[in-house]
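Undergrad: Structure here, sequence nowhere to be found:
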């Protein structure tokens, strides 16, 4: 399928989802839907670096929270429209991705993962000590009542915006898969030395991946202050974001754009349902149990059940290449 | 062969800590030549290849290829200039089919060099796979291949970048007599098509059958360079292999 027709289909699907949410009519659907959609963006973004090039990023929370905090800064400075904030958040986190790439991409495997985790801790420390954005006290942001220019509640608007970001992220991921860039990414995942010997500019490609991946995470984080209305470092940089974001593509399958989407919808929805019906404390337990279950039942993710040749996400984590 | 050399290695040296892997290596390879490079294990053959191809940086000396200085150029840039190598232990892209493996150098070296996508990628992959006799496995994964097929894939991928110089790093190690002849025939065929080839090998039968000129490395130094039959009778070469 061509990219344009795929995007058209994707937008139609997104419109149908939003129409269904409006039809349900319950405001909570939008609160829960926002979180699931946010994880679709995060998981898809993570997969651009982690799934396509094989670099496992544990610093998801840093990229996400820096997007959120750039919104706090903009809100305090001048309060531009949300779209501008998303663009700025994406740019900020994309730049952080570029820096991370330059500093850490000589590291491979576990070492890269640990470096990104350390980067997340450093970023949290910096924000905690930055009084302008509230420091450790956190920042309050009043959510407007109504969406600008649209007959929607603001929470519905936020959900719509996140739906748009999901479409953008998925369309980008799929376009990469079907392009020369995707081939280059896959060679990096398989064998960097052989990739260089085949003419692939591995460093440049890795930087493209970190910028895109970080940028989308920042965009996913930018609307967060309006969603939570109170943002403090320990919630913004919560490790749960990283754990969930990594678990979702692994459960769905890392080789294609569909894997993170399936994983995010499945795990995200399950967590939201459990939060309402049982307890919000259950969500990490669910992630853990699902990861254990899928390592056994679907080492290639759910996608792997249908495409046996596709290589593995879980298997790599288990160390047998 | 009176043209300027295709590859010039001038005074190349490389140390790993206190270990001198290469010292003051001088090599010139003419266009179209078939050069054999031998030496005992640990003599620096692969290190030299890595310095020429940009996987390692040489600390002293310089490498020139087709009149261009290679210092400061990354490995992928050297591949795009027309310098290809096969790896001693085959390093296929394991999640890609054979055809996809060959697409990589076509997309990233050939098309980039010509500035646009001129080649019909699929047809070119077919040609290359047919050349090495793997056409019927085009859509299989590398893990389905036998050892010799893996070597052939490695050579085919190196050839896919349409190199002017191919460095074949022990493409025959561990292969049977008949399989060695297969690879040998393949390399001679490539050379007949105009590709300059440096062959690194331990199998003397193959090296002597292939090489127009033989270079010997021992403990990071070049101790011989000349007519293969004369070189293998040279006293210090014999001593390096058999002891004095």
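TA: Ah, there it is. Being a predicted model, the structure only gives us computed values, none of them experimental.

Undergrad: Can you tell me the closest non-neighbouring residue to the residue in the stretch 1-150 of chain A that chain B sits nearest to?
TA: At 9.8 Å from chain B, residue A:54 is the closest residue in the stretch 1-150 of chain A, using CB to the nearest CB. Placement of C-beta: from N, CA and C, glycine included. Spatial nearest neighbour of residue A:54, excluding adjacent residues (CB to CB, 6 or more residues apart in numbering or on different chains): residue A:189 at 3.4 Å.

Undergrad: after the helix or strand where that neighbour lies comes which helix or strand?
TA: Element membership of residue A:189, judged by DSSP states H and E, is helix A:180-190. Using DSSP H and E, the helix or strand that follows helix A:180-190 in sequence is helix A:192-197.

Undergrad: How about the helix or strand that comes right after that following helix and chain B, touching?
TA: Where DSSP H and E defines the elements, the next helix or strand beyond helix A:192-197 is helix A:202-221. Yes: shown here: helix A:202-221 in contact with chain B (CB under 8 Å from any CB of the partner chain) through A:202-203.

Undergrad: Kindly list the single helix or strand of the chain that scores lowest on mean pLDDT.
TA: If you meant another chain, say so; for now it's chain A. None of the helices or strands of chain A scores lower by mean pLDDT, DSSP states H and E than helix A:314-318, at a mean of 44.

Undergrad: Chain B was what I was after
TA: Scanning chain B with mean pLDDT, DSSP H and E, the lowest is helix B:111-114, at a mean of 81.

Undergrad: downstream neighbour of that one in the secondary structure list?
TA: Following helix B:111-114 in sequence, per DSSP H and E, is helix B:121-131.

Undergrad: If you count contacts, what does that following helix end up packed against?
TA: helix B:98-105, helix B:147-160 (3 or more CB pairs under 8 Å, 6 or more residues apart in numbering or on different chains; DSSP states H and E).

Undergrad: relative orientation of the strand or helix carrying residue A:244 and helix A:202-221 in degrees?
TA: In this assignment (DSSP H and E), residue A:244 forms part of helix A:239-252. For helix A:239-252 against helix A:202-221, the angle by axes from the mean of the first three to the mean of the last three CA atoms, to 10 degrees is 120 degrees.

Undergrad: Now look at helix A:239-252 and say if it contacts chain B.
TA: No: Helix A:239-252 is not in contact with chain B by CB under 8 Å from any CB; minimum separation 15.5 Å.

Undergrad: Can you list the low-confidence ranges for chain A?
TA: Regions of chain A meeting the criterion pLDDT under 70 cover residues A:105, A:308-321.

Undergrad: which parts of it sit against chain B?
TA: Checking chain A against chain B by CB under 8 Å from any CB, the hits are A:180, A:183-184, A:186-187, A:189-191, A:193-203, A:255, A:309-311, A:321.

Undergrad: could you flag which of these are buried?
TA: The neighbour count (16 or more other CB atoms under 10 Å in any protein chain shown) marks A:180, A:183-184, A:186-187, A:189-191, A:194-203, A:255, A:310-311 as buried among the residues of chain A next to chain B.

Undergrad: Which strand or helix spans the spatially most central residue of chain B?
TA: The centroid of chain B falls nearest to residue B:167 when counting by CA atoms, centre = their mean (1.3 Å). Per DSSP H and E: residue B:167 is located in strand B:165-169.

Undergrad: Next secondary structure element downstream of that strand?
TA: helix B:177-192.

Undergrad: could you check the angle helix B:121-131 makes with that next one?
TA: Here the directions of helix B:177-192 and helix B:121-131 differ by 130 degrees (the same axes, to 10 degrees).

Undergrad: For helix B:177-192, which helices and strands make contact with it?
TA: Counting by 3+ CB pairs under 8 Å, 6+ apart, helix B:177-192 packs on strand B:34-38, helix B:147-160, strand B:165-169, strand B:196-200, helix B:204-210.

Undergrad: Pull the distance from that helix to the chain's centre.
TA: Averaged C-alpha coordinates place helix B:177-192 at 14 Å from its chain's average position (CA atoms, centre = their mean, to the nearest Å).

Undergrad: Would you list the strands that the strand holding residue B:167 pairs with, along with their directions?
TA: According to DSSP bridges, strand B:165-169 forms sheet pairs with strand B:83-86 (parallel), strand B:196-200 (parallel).

Undergrad: Give me the neighbour count for the closest residue to residue B:149 other than its chain neighbours.
TA: Distances taken as CB to CB, 6+ apart put residue B:134 closest to residue B:149, at 6.1 Å, once the chain neighbours are dropped. When neighbours are defined as other CB atoms under 10 Å in any protein chain shown, residue B:134 has 20 of them.
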